[in-house]
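> Take this sequence and fold it.
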Amino acid sequence: MRIAMIGQKDFGKASLEAFAARGDEIAGVFCAPEKPGSAPDPMVAAAEQRGIRLFRLPDLKSEEARSVLRSLDVQVGIMAFVLQFVPQDFATIPRYGTLGFHPSLLPRYRGPSSINWPIIRGDTHTGLTIFRPTDGLDEGPIVLQKETPISPDDTLGKVYFDRLFPMGIAALLEAADLVVSGRQQERAQDESKASYEGWCRAAEARIHWHQHGDLIYNLIRGCDPAPGAWTTFNGKKLQLFSARKHPVRTFVQVQGAPGAIASIGEHGIMLSAQGAQIEVAMVRPEEGKKLAAAQFCAQAGIKVGTVLGA
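Residues are numbered from 1 along each chain as shown. Predicted structure coming up:
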């Protein structure tokens with residue numbers, strides 16, 4: 001089939017390569033303009049290496065964007081990790097319309113951090129949706145959905161890179177085949193079940209030690225590797241990664257105040273919380289790189305009993 005791709009980053013690159021590998025003709029790639037000082041975009045590099053026409057337009061709502069897409073005369077548009085707004089009058093130009101990838105089971109978790117929030121909320125499953133983009137945020141008809149479990153110890157990185165990333169590429173290929181052949185069965189999203197979540201950024205990733213250990217643990221793993229759940233030490237930010245939860249029976253008192261370091265071992269530090277102890281293997285100080293938690297404690301002079309976030 002003849003397609004146009006809209007996207008960026010590694011997911012955009014991998015999607016481009018998947019369509020190209022099976023012989024589809026990629027007539028053009030739309031990617032956001034490069035920001036000063038930013039790293040080269042992998043999708044841009046992939047398009048340039050293959051000699052694919054590349055369009056880095058600042059606004060897909062413009063007549064220029066619509067004119068370019070019409071000139072490509074494609075059967076379907078593919079949105080793969082898109083941060084630019086794609087308006088309806090652009091998305092409907094391809095003969096069979098445009099397909100978008102969203103890493104949640106729409107209509108739940110609409111919005112930009114839809115992989116973080118199910119983990120942070122303690123959900124036991126998530127998934128992906130291939131849908132028809134409309135002018136509403138993640139609101140278009142559903143073409144295809146795939147589910148995947150979230151285990152109690154899954155992190156954002158595991159859910160995305162190990163499952164949703166490869167599943168998403170395969171689902172885009174499958175959905176494109178369905179719509180071009182006319183075999184898709186689209187359905188409207190159930191607005192009564194819809195939820196929207198904003199960005200999961202530093203403000204949302206701050207650890208509040210008065211919360212139950214389950215909530216703290218879910219926050220750490222839902223922000224691992226990004227944006228990184230954090231607390232403070234000596235007034236500076238300290239991000240926590242590679243955590244494990246050790247439940248504590250209700251009649252056993254947790255050693256130390258919430259946020260206190262209960263022990264320091266070869267493989268990590270044990271932090272006290274309500275109803276649990278949380279073992280953390282890796283940390284990243286505000287002014288430094290990620291390193292082993294025990295190593296950081298030795299360098300910073302942290303001892304058992306030190307309370308983080310105080």
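
> okay, CA-based contacts and neighbour counts for the rest of this
Fine.

> what about the chain, any weak spots by pLDDT?
Scanning the chain for pLDDT under 70 picks out the ranges 249-255.

> Now do the same contact list for L271.
The contact partners of L271, by Cα atoms under 8 Å, 6 or more residues apart in numbering, come to 258-263, 277-280.

> Leaving out the residues flanking it, which one is nearest to D41?
In space, D41 comes closest to K9 once its chain neighbours are excluded; the distance is 5.6 Å by Cα to Cα, 6 or more residues apart in numbering.

> so Q8 makes contact with P40?
No: contact criterion Cα atoms under 8 Å: Q8 and P40 do not qualify, at 10.3 Å.

> more crowded one of those two?
Neighbour tally, Q8 and P40, criterion other Cα atoms under 10 Å: the higher count belongs to Q8, 25 against 11.

> Which residue, other than its chain neighbours, is closest to the more buried one?
In this structure, Q8 finds its nearest non-sequential neighbour in M43, 5.2 Å apart by Cα to Cα, 6+ apart.

> Relative to R50, how far out is the one you found?
Distance, M43 to R50, by Cα to Cα, to the nearest Å: 11 Å.

> again, but for G235
50 Å.

> Who are the contact partners of the residue nearest to D41?
Residues in contact with K9 (Cα under 8 Å, 6+ apart) are 41-43, 81.

> Just want to know which of M43 and R50 has more residues nearby.
Remark: of M43 and R50, M43 carries more neighbours, 27 against 11, as counted by other Cα under 10 Å.

> contacting residues for the more buried one?
M43 is in contact with 7-10, 12-14, 16, 31, counting by Cα under 8 Å, 6+ apart.

> All the helices of this structure, residue numbers only.
Ranges of helices in the chain, per DSSP state H, are 9-21, 42-49, 63-72, 88-91, 116-120, 156-157, 165-181, 213-222, 293-300.

> Make JSON lines from those helices and add distance to K245 to it.
Shown next, in JSON lines, are these (distance: least, Cα to Cα, whole Å):
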{"stretch": "helix 9-21", "distance to K245": "31"}
{"stretch": "helix 42-49", "distance to K245": "36"}
{"stretch": "helix 63-72", "distance to K245": "50"}
{"stretch": "helix 88-91", "distance to K245": "45"}
{"stretch": "helix 116-120", "distance to K245": "14"}
{"stretch": "helix 156-157", "distance to K245": "16"}
{"stretch": "helix 165-181", "distance to K245": "26"}
{"stretch": "helix 213-222", "distance to K245": "7"}
{"stretch": "helix 293-300", "distance to K245": "16"}
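
> Relative to P247, which of those is closest?
Closest approach to P247 among these (Cα to Cα): helix 213-222, 8.3 Å.

> Tell me which other helices or strands that closest one touches.
The contact analysis (3 or more Cα pairs under 8 Å, 6 or more residues apart in numbering; DSSP states H and E) places helix 213-222 against helix 116-120, strand 236-247, strand 276-285.

> So the residue nearest to the spatial centre of the chain versus G157, what's the distance?
Centroid-nearest residue in the chain: I115, 4.7 Å away (criterion: Cα atoms, centre = their mean). Counting by Cα to Cα, the gap between I115 and G157 amounts to 9 Å.
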